[in-house]
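In: Take this sequence and fold it.
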Amino acid sequence: MPEFVGAVDQGTTSSRFMIFDHDGNEVARHQLEHAQILPRPGWVEHDPVEIWERTNNVMQNAVRTSGLDASDLAAIGITNQRETTVVWDPRTGRPYYNAIVWQDTRTDSIAAALERDGHGEVIRRKAGLPPATYFSGGKLKWLLENVDGLRQAAEQGHAVFGNTDSWVLWNLTGGPDGGVHATDVTNASRTMLMNLETLDWDDELLEIFGVPRAMLPRIHSSSHPEAFGRTRTSRPLRTAVPVTGVLGDQHAATVGQVCFLPGEAKNTYGTGNFLVLNTGTELVRSQHGLLTTVAYRFGDEPAVYALEGSIAVTGSAVQWLRDQLKIIKHAAESEWLARTVEDSGGIYFVPAFSGLFAPYWRSDARGAIVGLARYHTDGHLARAALEAICYQSRDVVDAMEQDSGVRLDVLKVDGGVTANDLCMQIQADVLGVPVSRPVVAETTALGAAYAAGLATGFWQDTDELRSHWQESKRWEPQWSEEQREEGYAGWRRAVERTLDWVKVG
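Out: Take a look at the predicted model:
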């Protein structure tokens with residue numbers, strides 16, 4: 001009997017394949033970055049062909065370097081950067097355009113027009129999302145309106161759409177030769193096109209966005225033994241392995257952090273930050289700028305919903321220090337540089353490169369560094385970047401407490417930035433609650449593996465998964481309440497300076 005489960009983690013900056021054993025321990029991984037294409041200010045694109053090539057390579061390499069055979073895998077799960085929009089010709093596999101990334105803001109006029117024309121409330125009520133540049137529906141509308149011949153191709157059945165989970169799945173299961181065109185409820189819930197109550201594409205929403213239904217993938221549960229097909233023997237693993245789990249990245253991290261009970265929450269620190277609170281089978285509609293989304297759905301069980309606070313730029317602010325300002329050579333150096341000073345010296349860095357997401361939803365905002373004096377050094381800027389990660393998370397935690405009435409006792413954290421001990425200490429200080437990191441910090445891939453393994457009986461139930469979770473490190477708050485509130489008040493003033501910077505609509 002196969003003793004391992006694999007997970008494709010197709011992220012914003014890289015793709016990787018990880019293999020886990022029955023105890024949820026990492027056995028192998030391989031990871032490759034892909035290019036960030038920035039053709040204009042506010043535009044962010046990826047090459048879908050490059051993404052598939054990288055995915056193909058990391059799967060082959062992870063299996064080879066582990067000494068395992070693909071037949072040792074009981075199943076494969078897929079998790080992915082959500083909202084990043086791909087349209088391709090199913091006859092050839094050729095994309096009609098680069099993937100438009102979730103961070104991209106070119107659809108700001110589309111989002112503004114949806115509000116102006118009175119469609120905003122319909123989208124909020126049915127999809128649980130505000131009209132915003134973040135989500136797939138506006139990106140798909142832009143493509144249909146701006147790529148020559150695409151609408152006609154779509155109406156003829158020669159153009160199909162998906163977030164990157166659908167693109168990877170289709171290629172993995174055969175591509176033009178019978179590839180499965182499908183998605184799961186979590187990815188579908190990020191499009192502005194799915195009805196949260198019916199868990200299906202909504203005709204009224206499709207009409208608002210002008211999207212032909214024939215373009216759309218079939219929606220399945222996040223964990224299903226038959227829904228997503230099998231890898232083709234001509235594809236990377238050269239063995240037919242069942243693909244039985246698909247989850248958007250933040251939903252996968254929620255599963256990986258075993259947040260299976262209402263009131264349990266996790267915060268993932270990656271390119272952006274994403275705080276998810278399980279609300280159970282109840283749809284909780286936010287009044288404070290959060291998103292209502294599907295957390296996961298296992299098999300034929302009822303869907304589990306969540307409130308989510310999505311932050312566009314956190315870890316990528318550190319990348320900006322590295323790639324644009326070049327004040328560090330590696331992201332890990334941000335901690336060393338920030339430790340050269342005792343605090344940020346009163347400066348605030350609001351990295352609103354793509355506008356502000358939750359809880360503000362202001363596409364007119366742009367990044368700002370405020371409070372500068374000649375006294376300040378690169379160390380102060382590095383520390384302000386780490387503080388920005390933490391203050392943005394506090395914005396979301398406060399909104400979540402107002403919506404749910406739940407006061408966090410501890411914040412579970414995961415993702416690459418959690419390796420930065422100073423940042424995690426600042427997070428505990430800013431929130432005033434302990435911060436807890438698990439032994440397996442890369443819970444996104446683990447959650448996809450869990451979903452796949454549950455579908456095949458590799459793991460029996462969520463109680464078994466919960467028994468695997470172990471704490472690696474905990475940070476306790478050290479700031480006084482006065483220090484905490486004074487710092488946060490300065491942050492809110494800094495955020496105000498970023499608003500109304502660009503014209504929208």
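In: Tell me the bridge partners for the nearest residue to L291 once chain neighbours are set aside.
Out: The shortest distance from L291 to any residue that is not its chain neighbour, by CB to CB, 6 or more residues apart in numbering, is 4.6 Å, and that residue is E308. (Each C-beta comes from the backbone N, C-alpha and C, glycine too.) With beta bridges defined as DSSP bridges, E308 has these partners: V276, L291.
In: Would you agree E308 is in contact with L275?
Out: Yes: in this structure, E308 is within contact of L275 by CB atoms under 8 Å, at 6.8 Å.
In: Next, the contact list for R497, please.
Out: V350, A368, V370 (CB atoms under 8 Å, 6 or more residues apart in numbering).
In: Tell me which helix or strand it sits in.
Out: helix 481-498 (DSSP states H and E).
In: Can you mark which positions in that helix are buried?
Out: Using 16 or more other CB atoms under 10 Å as the burial criterion, the residues of helix 481-498 that qualify are R484, G487, Y488, G490, W491, A494, V495, R497, T498.
In: Distance check, the nearest residue to the fifth one once chain neighbours are set aside against H376.
Out: Of all residues not flanking W491 in the chain, Y391 sits nearest, at 4.2 Å (CB to CB, 6+ apart). Shown here: Y391 relative to H376, a distance of 18 Å by CB to CB, to the nearest Å.
In: more neighbours, those two?
Out: Y391 (24 against 17; other CB atoms under 10 Å).
In: How is the more buried one assigned, secondary-structure-wise?
Out: helix (DSSP: H, G, I helix; E, B strand; the rest coil).
In: is it true that it touches V430?
Out: Yes: contact status for Y391 versus V430: in contact at 6.1 Å, counting by CB under 8 Å.
In: and for the two, which residues touch both?
Out: By CB under 8 Å, 6+ apart, the residues touching both Y391 and V430 are G487, Y488.
In: So what's the model's average confidence on the helix holding R497?
Out: Averaged across helix 481-498, the pLDDT comes to 96.
In: ok, which stretches of the stretch 1-150 of the chain are strands?
Out: Taking DSSP state E, counting those that start in this stretch, the strands of the stretch 1-150 of the chain run over residues 4-10, 14-20, 26-33, 45-46, 73-80, 85-88, 99-100.
In: oh sorry, the question was meant for the stretch 201-350 of the chain
Out: With DSSP E, counting those that start in this stretch as the criterion, the stretch 201-350 of the chain has strands spanning 218-220, 243-248, 265-269, 273-280, 291-296, 304-311, 348-350.
In: With distance to I100 as extra columns, can I get these in a markdown table?
Out: Listed next are the strands of the stretch 201-350 of the chain as a markdown table, based on distance: least, CB to CB, whole Å:
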| stretch | distance to I100 |
| --- | --- |
| strand 218-220 | 21 |
| strand 243-248 | 16 |
| strand 265-269 | 22 |
| strand 273-280 | 19 |
| strand 291-296 | 19 |
| strand 304-311 | 17 |
| strand 348-350 | 24 |
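In: deepest of those, which one?
Out: Of the strands of the stretch 201-350 of the chain, the one with the most neighbours on average (mean count of other CB atoms under 10 Å) is strand 243-248, at a mean of 31.
In: Which strands or helices does that strand pack on?
Out: strand 73-80, helix 164-172, strand 182-184, helix 185-188, helix 443-456 (3 or more CB pairs under 8 Å, 6 or more residues apart in numbering; DSSP states H and E).
In: is it possible to export the ones you listed to TSV including mean pLDDT, distance to R16 and mean neighbour count?
Out: Below are those laid out as TSV (pLDDT from 0 to 100; distance: least, CB to CB, whole Å; neighbours: other CB atoms under 10 Å):
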stretch	mean pLDDT	distance to R16	mean neighbour count
strand 73-80	96	10	29
helix 164-172	96	12	27
strand 182-184	97	20	28
helix 185-188	97	18	29
helix 443-456	94	7	30
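In: TSV for the ones you listed, including distance to V294?
Out: TSV is the format used below for these (distance: least, CB to CB, whole Å):
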stretch	distance to V294
strand 73-80	14
helix 164-172	14
strand 182-184	9
helix 185-188	5
helix 443-456	13
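In: Relative to K141, which of those is closest?
Out: Using CB to CB as the measure, helix 185-188 is the one of the helices and strands packed on strand 243-248 that comes nearest K141, at 16.4 Å.
In: Dump the C-alpha coordinates for the closest one into PDB.
Out: The C-alpha trace of helix 185-188 is given here as PDB (Å, rounded to 0.1, in the frame of the first residue of the first chain):
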ATOM      1  CA  VAL A 185     -15.500  25.300  -4.200                       C
ATOM      2  CA  THR A 186     -12.700  27.300  -2.500                       C
ATOM      3  CA  ASN A 187     -11.200  28.500  -5.700                       C
ATOM      4  CA  ALA A 188     -14.600  29.100  -7.300                       C
END
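In: hmm, who's touching that helix?
Out: 80, 82, 163, 165-166, 194, 199, 201, 217, 219-222, 246-248, 251, 293-297, 303.
In: how about a cut-off of 6 Å?
Out: By CB atoms under 6 Å, 6 or more residues apart in numbering, the residues outside helix 185-188 that reach it are N163, D165, M194, L199, I219, S222, L247, G248, H251, V294, R297.
In: repeat for stretch 72-81
Out: In contact with stretch 72-81 (CB under 6 Å, 6+ apart) are residues 2, 4-12, 164-165, 168-169, 241-247, 249, 252, 444, 448-449, 451-452, 456, 458.
In: One more: stretch 473-488?
Out: Here stretch 473-488 has contacts from M424, Q425, A428, D429, G432, P434, V435, S436, R437, using CB under 6 Å, 6+ apart.
In: picking up where we left off before, may I see the buried residues of helix 481-498 arranged in CSV, with distance to V417 as well?
Out: Output for these, formatted as CSV (distance: CB to CB, whole Å):
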residue, distance to V417
R484, 20
G487, 19
Y488, 20
G490, 22
W491, 18
A494, 20
V495, 20
R497, 25
T498, 22
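In: Over to the closest residue to A159 other than its chain neighbours: give its phi and psi.
Out: Closest residue to A159 apart from its sequence neighbours, by CB to CB, 6+ apart: A153 at 4.1 Å. Here is the backbone geometry of A153 (degrees, to the nearest 10): phi -60, psi -40.
In: ok, how many other residues are close to A153?
Out: 18.
In: what number of residues lie near the spatially closest residue to W170 that is not a sequence neighbour?
Out: Excluding its sequence neighbours, the residue lying closest to W170 (CB to CB, 6+ apart) is G179, at 3.9 Å. G179 is flanked by 21 other residues according to other CB under 10 Å.
In: mind listing what W52 touches?
Out: Counted by CB under 6 Å, 6+ apart, W52 has contacts N171.
In: and it, how far is that from N273?
Out: Here the criterion is CB to CB. By it, W52 lies 27 Å from N273.
In: And for F161?
Out: F161 is 27 Å from N273, by CB to CB.
In: likewise A303?
Out: From A303 to N273 the distance is 24 Å (CB to CB).
In: circling back: would you agree the residue nearest to W170 falls within a strand?
Out: No: in this structure, G179 is coil, not part of a strand, as judged by three-state DSSP.
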